[in-house]
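Trainee: Here is a sequence with its predicted model. Questions after.
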Amino acid sequence: MSKKFDVAVIVGSLRKDSINRKVAKALAELAPDQLVLSIIEIGQLPMYNQDDDEHPPAAWTAFRDRIRVADAVLWVTPEHNRSVPAALKNALDIGSRPYGQSVWNGKPGAVVSASPGAIGGFGANHHLRQSLAFLNIPTLAQPEAYLGGADQLFDASGKLSNDATRKFLQGFMAQFAAWITANRAS
């Protein structure tokens, strides 16, 4: 029996019915059995302020503790002004501080971006990858996952209805599972 990997999923959009939340749920359904995905909410996190490091808000501590025990992290993000949403950047900052105590360090990761637009959040995807490289998160390079026209990929109940996208995302998740196996901390 192969090891099960706990994958923390960070969805950049805070909307309950967001395209990216639908993508995250589809990824969980399409993931190989060895991956157990759970969405970690970030909307409740107070904005990072270094002044609070000595006595961090309880939400920061709970978030850091949850990420610390995860085997890997999957980011699913929309694009806001050619970058990631503020809530996602805030979560990155909270997890990376206090300096020298990053919960991200060495965790295998992957990025999926989705947008109604044609380029599928390309700018956000690559901007996020810059931060992940600095945070020492080995990030899956291939296949890249930019889902353009993502508002047309789901039926009225929020289920993925595009067979080509389903096949692509299933392959993406299989590659991510292999990436986690190859890059997880011992």
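Mentor: Sure thing, it's come through.

Trainee: ok, K3 to P108 distance?
Mentor: Distance from K3 to P108, counting by Cβ to Cβ, to the nearest Å: 13 Å. No exception for glycine: its C-beta is placed from N, CA and C like everyone else's.

Trainee: Compare the two (neighbour count), which wins?
Mentor: P108 (24 against 9; other Cβ atoms under 10 Å).

Trainee: Could you check how far that one is from S38?
Mentor: Counting by Cβ to Cβ, the gap from P108 to S38 is 16 Å.

Trainee: tell me the secondary structure for the spatially most central residue of the chain?
Mentor: Centroid-nearest residue in the chain, with Cα atoms, centre = their mean: W75, separated by 1.3 Å. W75 carries the three-state label strand when classified by DSSP: H, G, I helix; E, B strand; the rest coil.

Trainee: At which residues are the strands of this protein located?
Mentor: Remark: strands assigned in the chain by DSSP state E are 5-11, 35-39, 72-77, 109-114, 146-147.

Trainee: And the pLDDT at F168?
Mentor: For F168, the model assigns a pLDDT of 98.

Trainee: what do you get for the one 5 residues further on?
Mentor: M173 is assigned 98 on the pLDDT scale.

Trainee: can you tell me which residues contact it?
Mentor: Residues in contact with M173 (Cβ atoms under 8 Å, 6 or more residues apart in numbering) are L27, L30, A31, P32, L35.

Trainee: Kindly report the same for F168.
Mentor: So F168 contacts P143, A145 (Cβ under 8 Å, 6+ apart).

Trainee: hmm, 10 Å instead?
Mentor: By Cβ atoms under 10 Å, 6 or more residues apart in numbering, F168 lies in contact with L30, P143, A145, L147, N162.

Trainee: you'd agree the second one is up against F172?
Mentor: Yes - between P143 and F172 there is a contact under Cβ atoms under 10 Å: 5.6 Å.

Trainee: any common contacting residues for the two?
Mentor: Joint contacts of P143 and F172 (Cβ under 10 Å, 6+ apart) are A110.

Trainee: Between these two, tell me which one has more neighbours.
Mentor: F172 (21 against 12).

Trainee: so what's the closest residue to F176 other than its chain neighbours bridging to?
Mentor: Leaving aside its sequence neighbours, F176 sits nearest to A110 (Cβ to Cβ, 6 or more residues apart in numbering; 4.7 Å). A110 forms beta bridges with L74, as assigned by DSSP bridges.
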